[in-house]
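1. Let's see this in three dimensions:
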Amino acid sequence: MLAPANRPPPVVTFPLRDDELGVCDTLPDRNSTGATTRITNATDQRSLKTPPSVIVSWNIGLRGLRQLTDPLKPFDQQASKDEHGVSRAKGYGSVQNLLQSLGQHVNVVCLQETKLGSAHDLTAETATPKGWDSFFSICRLTQRGKSGYAGVCVYFRKELMVLSAEEGITGVLSGAAGDAVGVGAEESESAADDVDPDRPKADPGKRDTRRASTTSHKMRSRFTLDRMRELDAEGRCLVVDFGRFVLINVYVPAVTSSDPVEAATRAAFKLDFLDAVTIRHESFLAQNRHVVLCGDWNVSHKPIDSAHAPDIKSKLELNSYVLRNPGRFWLSKALGEKFHGDGGGDCDAPCDTGRKTLPPRPDTLDPNHKPLAHLIMNPKPLVDVFRHHYPTERGAFTCWNVSAGAQLTNHGSRIDFFLCDKSFFDNFVVRSGVAHGHEGSDHCPVFVTVTNEAFRYVGGSVRHSDGREEKETEKYAKYSPPASASSVSFAAAGRQTSLAGFFVKKTVAAAADADTGFPSQQMLPEKRKRGNTPCDVSIKSFFKQAGSRFGEGGDTVEGRTPPPPPATTAYVPPSAASVPPSAVPTASKETVDAWRRIQARQKPPVCRGHGEVAKVRKVMKQGANFGRVFFACPRPAGDVRNGGDCGFFQWAYDRK
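-> The predicted model follows:
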């Protein structure tokens, strides 16, 4: 871990410069011919001759993957300004451009809220851009409002070796829980032993026979099979085994409904999802596997991570702040934190702070079962990578309400972050950060940089930080991507070369055209000769006098007699006396004054904090006030001391 004085800044702009990757000595350019850039302020004790690999996590839910990469919306075209005067790029034009915008040293990109309707939305350009491969998890729900909902994906460079991948967190989609990911456990552990010889060793004779059954047993003991399918039906998780570590990309559910019943249902769903994450990552840790979790967690940890948090002045208030939110409490326990009760002593279980206990649910087999997050005793706590590097950094938010202009005042929360086990952090992680200002969503990308030893590379080699490249076992010399990889799926299904070829049956001549690139003479349409049909006339006939239709020689066509021209009559304007008076009486002065008073009541008032005309807004969330119009301060959301809104609010005139 770097000393605080030498630590690079936490907030950066993509693409990363060489000196922002972490601590490097010389960094070769991926696009150059071998030239290197000398970094003079190298601060790490490990002098790296090759650049670290960057892993990025980004929620793109504001637009979704289709809109963000629409070819008709390139990055050089700006959308019109919003009510706060902000103009944004329309998109990136392609997935290739989006990935390139993150930088040449980015090797893995985890996206959340892709919002794809089905697998038919995927094309070769979207799923397998040049130099990249991918895994996708798409929402399977078909009811109204769920199409194009949630969804996650993982892009990785084709030079990286992926041993296996799995869609979902419970394992039910792979046929047997835990059976898809973890094939390379023996080699992964041996590689970890090279950098950490003191790691506790698991029984190698039991790893293969009990790994899947243990995870499956824990899942089925906690949930019914239907509940497991529900947790994985929304496309919220991908588990990818890179050999030396397992990457878990998650999009944790949010509770946003104002309906109490719906909110309670989604809160239970969120906690069950987090419990499944606990079962899964702890099973990997029990196998002595390195684990990296990233994504949109839809919860901020401490008050320092949210601009909306109250002012905390005591440990008791901090405990209450954490315990009031089950998701926040789950995160705290996963990080190995303890809490203080009313007596001031440490306790592993939360004290009674007024938090409601969730009633027994039909999806839980044991009616007296408490959610796993409430009883977790984590022997191997995870590490919040960013907070471990920057424990006191304020304003490192990753999500804002852009409709309220909150990004202009940095009034947001940090709900996107990386978690990993302590051993992986100590041996592979170089640095972390957030990329404010990267356009495309209401979230910003977050990233970690890791040493190249964290990955295996196609060809059975390991790239070390000192530039050495070491060959591995013959097992990985003949590598092929997992069956769920997009490259394998498109290769098995075939690729559509053209839209016309999809609908039209090709002839032999057409097939020859596809090879040569030029149309064959036999397939060209015969040129139509003039005068071979009765209706053929020249263009000059359209400019002749309207008495008869003339051909080229001035004769009538086939002896037809043209109709006589219509008789013309002069237009006579009506006299003013012939216009009848209006049947609608003129409005009285009292009526006009009444309408003016109504319009004055509907006119936006002036906010009390800044004396500026308030903006008109409408309640869009379902509830008792749905559709009502209100007035609010025109300034962007945020602290008034930083130019944010003054909190002015007033309901508009209700026409009842």
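2. how about stretch 428-435 as PDB, C-alpha atoms only?
-> What follows is stretch 428-435 as a C-alpha-only set of coordinates in PDB (Å, rounded to 0.1, in the frame of the first residue of the first chain):
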ATOM      1  CA  PHE A 428      -2.200  -7.700  -6.500                       C
ATOM      2  CA  VAL A 429      -4.000  -4.300  -6.000                       C
ATOM      3  CA  VAL A 430      -2.000  -1.200  -7.000                       C
ATOM      4  CA  ARG A 431      -4.500   1.600  -6.700                       C
ATOM      5  CA  SER A 432      -8.100   2.600  -7.100                       C
ATOM      6  CA  GLY A 433     -10.200   5.700  -7.900                       C
ATOM      7  CA  VAL A 434     -13.300   7.200  -9.400                       C
ATOM      8  CA  ALA A 435     -13.500   8.900 -12.800                       C
END
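3. What mean pLDDT does it get?
-> On average, the pLDDT along stretch 428-435 is 95.
4. same thing with stretch 73-90?
-> 85.
5. Just the buried positions in it, please.
-> Within stretch 73-90, the residues that count as buried by 16 or more other Cβ atoms under 10 Å are 73, 75, 84, 89, 90. C-beta here means a position set from N, CA and C on the backbone, and glycine is covered the same way.
6. which ones are touching the third one?
-> Applying Cβ atoms under 8 Å, 6 or more residues apart in numbering, we find residue 84 in contact with 405, 408, 636.
7. I'd say the first one and residue 636 touch.
-> In other words, residue 405. Yes: if you go by Cβ atoms under 8 Å, residue 405 and residue 636 touch, sitting 2.7 Å apart.
8. Tell me where the model's unsure across this structure.
-> The chain contains residues with pLDDT under 70 at 1-6, 22-50, 144-146, 175-180, 182-213, 339-379, 460-477, 494-587, 599-602, 653-656.
9. Next, count neighbours for residue 116.
-> Counted with other Cβ atoms under 10 Å, residues neighbouring residue 116 total 24.
10. same thing with the one 3 residues further on?
-> Using other Cβ under 10 Å, the number of residues around residue 119 comes to 12.
11. now residue 480
-> Counted by other Cβ under 10 Å, the residues lying close to residue 480 total 9.
12. Which parts of the stretch 351-500 of the chain are helices?
-> Along the stretch 351-500 of the chain, counting by DSSP state H, counting those that start in this stretch, helices occupy 372-375, 385-389, 422-427, 486-493, 499-503.
13. The stretch 1-150 of the chain: helices as residue ranges?
-> Going by DSSP H, counting those that start in this stretch, the stretch 1-150 of the chain shows helices at 64-68, 95-102, 124-127.
14. how about the ones you listed in CSV, adding distance to residue 385?
-> Listed next are those as CSV, based on distance: least, Cβ to Cβ, whole Å:
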stretch, distance to residue 385
helix 64-68, 25
helix 95-102, 18
helix 124-127, 28
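15. For residue 612, which of those helices is the nearest?
-> Across the helices of the stretch 1-150 of the chain, the minimum distance to residue 612, taken as Cβ to Cβ, is reached by helix 64-68, at 32.6 Å.
16. buried ones in that closest one?
-> For helix 64-68, the neighbour count (16+ other Cβ under 10 Å) marks 64, 65, 66, 68 as buried.
17. Which helix or strand contains residue 631?
-> strand 629-632 (DSSP states H and E).
18. mind listing which of the buried residues of stretch 73-90 are in strands?
-> Counting by DSSP state E, no part of these is found in strands.
19. quick one: which of those is nearest to residue 650?
-> For those, the minimum distance to residue 650 (Cβ to Cβ) is 20.0 Å, reached by residue 84.
20. Just checking: what are the partner strands of the strand holding residue 631?
-> Using DSSP bridges, the strands paired with strand 629-632 are strand 615-618 (antiparallel), strand 649-651 (antiparallel).
21. which other residues reach the shortest one?
-> Applying Cβ under 8 Å, 6+ apart, the set of residues contacting strand 649-651 from outside is 605, 614, 628, 629, 630, 631, 632, 633.
22. again, but for stretch 392-407
-> So stretch 392-407 is contacted by 10-11, 59, 62, 82-84, 86, 296, 304-307, 386, 390, 410-417, 434, 442-444, 446, 635-638, 645 (Cβ under 8 Å, 6+ apart).
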